[in-house]
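*Asks:* pasted the sequence and its predicted model underneath.
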Amino acid sequence: MKKIGIAIGGFFAFILLILIVGLVFAGSFITNSFLVKQIESALNVRAHVEKVNINLFSALSGIEVEGIILAPRDEIANSGRPLEERKPISSGTIQLGKADIKISFLALLTKSLKVNKLVLKEPKIALTMYADGGNNLTSLFKSPKIVNGEPNPALSPEALAEKAEAEKEAIREALENPSGPFSIKSIPVAIQMGLVGIQNGDITVNMQKSGQVIQIKGLDLELTDIDIDGSDLDSHNKVDVNFDAEVTVIGKNKNEAAKFLLDTNGRLTPFVVKTGLVNPVVRYNVKMLEDSFLSGFAAFDAISGELPVLNQAGLKLDKLKEKAILTKDVGFEVEYSNGKITFLDEPTFPSKNYDLQIVKGSYIVATTNYHEMKMGVLYDEAESKKSIAGVDEKIKQATKGNGDPKEYRTKILGNLIKDDRINIPFRTYGDLRNPTVEVGVSVGSLTDLLGGAVKDVLKGKMNDELKKVPGAGDALKKFGF
């Protein structure tokens, strides 16, 4: 996924570079036909650009491009047929509704790069992850073999040999004159940006191996109030971030397994003040909105392996398998570093059937799907009372009504009960798609109870403790203790 992100980012950066070059040269030759020619000469795609808008009174400050589409390369792209002689492409692998960039070139005179606006509107990406680990975007970002009906000169033996030699020379230069890591302090230009981001994005990811589909709709990623000056990081070193999206996971059975309505924001410190190096750690305030839901959580499938024993004891937990819809917005803070997302607090996600709790320090590595999370399920209060009453009834039957059932229940069930609600702590780790789950409660005493061996439970495991319980003495005598 990391390589995919780099590839997609590379494409958008390529488009923006062309736009900036166009601004420098007053935009006189930047047309939709020109952009299509440049894109198809560099990328292995069939391209379409609907319109280029340049205001004559702001040719040195703004340009807008509409209707950019990238599709798999075909003979039309290979031949270099002029755009006006082609039929429009209706859809593609990557689509971009509009690219809008406005730069203040006058600011460059004061050694300051000021971008008033740099927004990609309504980008749409259709990504397929193949079973072998590849994806359908890789081929798009290769150099095309044919350009304007002729073999691509950039792929000629001479050009490839020259490129290889240049790479060797760069390696030799790096070995002879090693440089330190990139530091913003080495950049003599202060950077100020008003709005940079993506608006109303739509990404669909088809997982060929698992049959799952991940849909990201309404993607809004905005970087605002960007203020960076390498010579004065104490005062100029901030970026405000807002990220909103609706993420839906559709299972192989075509049913929605989960939907996350996300609203995140935060102020980032992009560089380390002392060194100027890129800050490897960032923190986000995340809000998961009401009506987000989870269905078919893999960890619950593992927990369900214990359900027969619990059900026989009177603990009915069938609602764990039902869709859990968030009943209110939940905010929490996470830390991101090198692909690792760590929970910095302990959020509780309430639903109609149960509350899902996450323990501080739980983490997911987004680049590998590895995770280690300590969690807990706190069952619905009304359902818990019914189940606990069922256990108490079994204890009454076993003890013939002698003693306080709650005292026996506490000794037998232990941490299965929390605040008069059924509580199931568990740990899940490994591959997020096929996790290893360890339930943090013991059901051994329940098994004994169900087998009719109440005597063994009382005598072998909690005899001394129960003798201390008021009223328990008579009950123990009747059982021969």
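*Replies:* Alright, I've got the coordinates. Just so it is clear, the model here is predicted, and its values are computed rather than measured.

*Asks:* ok, for the residue nearest the centre of the chain, nearest residue in space, not its chain neighbours?
*Replies:* With distances taken as Cα atoms, centre = their mean, the chain has A366 as the residue nearest its mean C-alpha position (6.8 Å). Nearest residue to A366 in three dimensions, chain neighbours excluded: G339, at 5.1 Å (Cβ to Cβ, 6 or more residues apart in numbering). Just so you know, the C-beta spots here come from the backbone N, C-alpha and C atoms, and that holds for glycine as well.

*Asks:* can you read off the pLDDT for the one you found?
*Replies:* We note a pLDDT of 87 for G339 in this prediction.

*Asks:* could you do V359 as well?
*Replies:* Looking at V359, its pLDDT is 96.

*Asks:* what about it, how many neighbours?
*Replies:* 15 (other Cβ atoms under 10 Å).

*Asks:* doesn't Y363 make contact with the residue nearest to A366?
*Replies:* No: under the criterion of Cβ atoms under 8 Å, G339 makes no contact with Y363, lying 10.3 Å away.

*Asks:* neighbour count winner among these two?
*Replies:* Using other Cβ under 10 Å, the more surrounded residue of G339 and Y363 is Y363, with 17 against 13.

*Asks:* touching, that one and N338? I think so.
*Replies:* No: if you go by Cβ under 8 Å, Y363 and N338 don't touch, sitting 11.4 Å apart.

*Asks:* show me where the stretch 351-481 of the chain has its helices.
*Replies:* 381-399, 405-413, 444-450, 454-461, 463-467, 472-478 (DSSP state H, counting those that start in this stretch).

*Asks:* lowest-confidence stretch among those?
*Replies:* helix 472-478 - the lowest mean pLDDT of these, at a mean of 38.

*Asks:* show me what contacts the residue nearest to A366?
*Replies:* By Cβ atoms under 8 Å, 6 or more residues apart in numbering, the residues touching G339 are 2, 365-368.

*Asks:* low-confidence ranges in the stretch 301-450 of the chain?
*Replies:* Within the stretch 301-450 of the chain, the stretches with pLDDT under 70 are 301-318, 411-415, 441-450.

*Asks:* could you measure from Q199 over to G92?
*Replies:* 19 Å (Cβ to Cβ, to the nearest Å).

*Asks:* now stretch 118-131: buried residues?
*Replies:* For stretch 118-131, burial by neighbour count (16 or more other Cβ atoms under 10 Å) applies to 118-121, 123-127, 129.

*Asks:* for that stretch, the averaged confidence score.
*Replies:* The pLDDT scores in stretch 118-131 average 91.

*Asks:* and stretch 360-367, C-alpha only, in CSV?
*Replies:* C-alpha atoms of stretch 360-367 as CSV (Å, rounded to 0.1, in the frame of the first residue of the first chain):
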residue,chain,number,x,y,z
LYS,A,360,-4.0,2.4,25.9
GLY,A,361,-0.9,1.4,24.0
SER,A,362,-2.8,-0.9,21.5
TYR,A,363,-1.4,-0.5,18.0
ILE,A,364,-1.8,-1.3,14.3
VAL,A,365,1.0,-1.2,11.7
ALA,A,366,-0.8,0.0,8.7
THR,A,367,2.0,-1.0,6.2
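
*Asks:* CA atoms of whatever helix or strand K287 lives in as PDB?
*Replies:* Secondary structure from DSSP states H and E places K287 in strand 282-288. Taking Å, rounded to 0.1, in the frame of the first residue of the first chain, the C-alpha atoms of strand 282-288 are listed here in PDB:
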ATOM      1  CA  VAL A 282       2.700  13.000  14.700                       C
ATOM      2  CA  ARG A 283      -0.500  13.000  16.800                       C
ATOM      3  CA  TYR A 284      -4.000  13.200  15.600                       C
ATOM      4  CA  ASN A 285      -7.400  13.800  17.200                       C
ATOM      5  CA  VAL A 286      -9.800  11.300  15.700                       C
ATOM      6  CA  LYS A 287     -13.500  11.400  16.000                       C
ATOM      7  CA  MET A 288     -15.600   8.400  14.900                       C
END
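
*Asks:* now do the end-to-end distance for stretch 340-348.
*Replies:* Stretch 340-348 has its terminal residues 21 Å apart, counting by Cα to Cα, to the nearest Å.

*Asks:* what does that stretch contact?
*Replies:* 283, 330-336, 355-366, 378.

*Asks:* let's go with 10 Å and repeat that
*Replies:* With Cβ atoms under 10 Å, 6 or more residues apart in numbering as the test, stretch 340-348 has contacts from 281, 283-284, 286, 288, 330-336, 355-368, 370-371, 373-374, 376, 378.

*Asks:* which of those are buried? Put it as a PyMOL command.
*Replies:* The buried residues among those can be selected in PyMOL (16+ other Cβ under 10 Å) with this line:
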select buried, resi 284+286+288+330+332+334+355+356+357+358+362+363+364+366+370+371+373+374+376+378
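
*Asks:* and for the closest residue to F243 other than its chain neighbours, the neighbour number?
*Replies:* Spatially, and ignoring its direct neighbours in sequence, F243 is nearest to T264 (4.4 Å; Cβ to Cβ, 6+ apart). Applying other Cβ under 10 Å, we find 17 residues neighbouring T264.

*Asks:* I appreciate the help and will end here.
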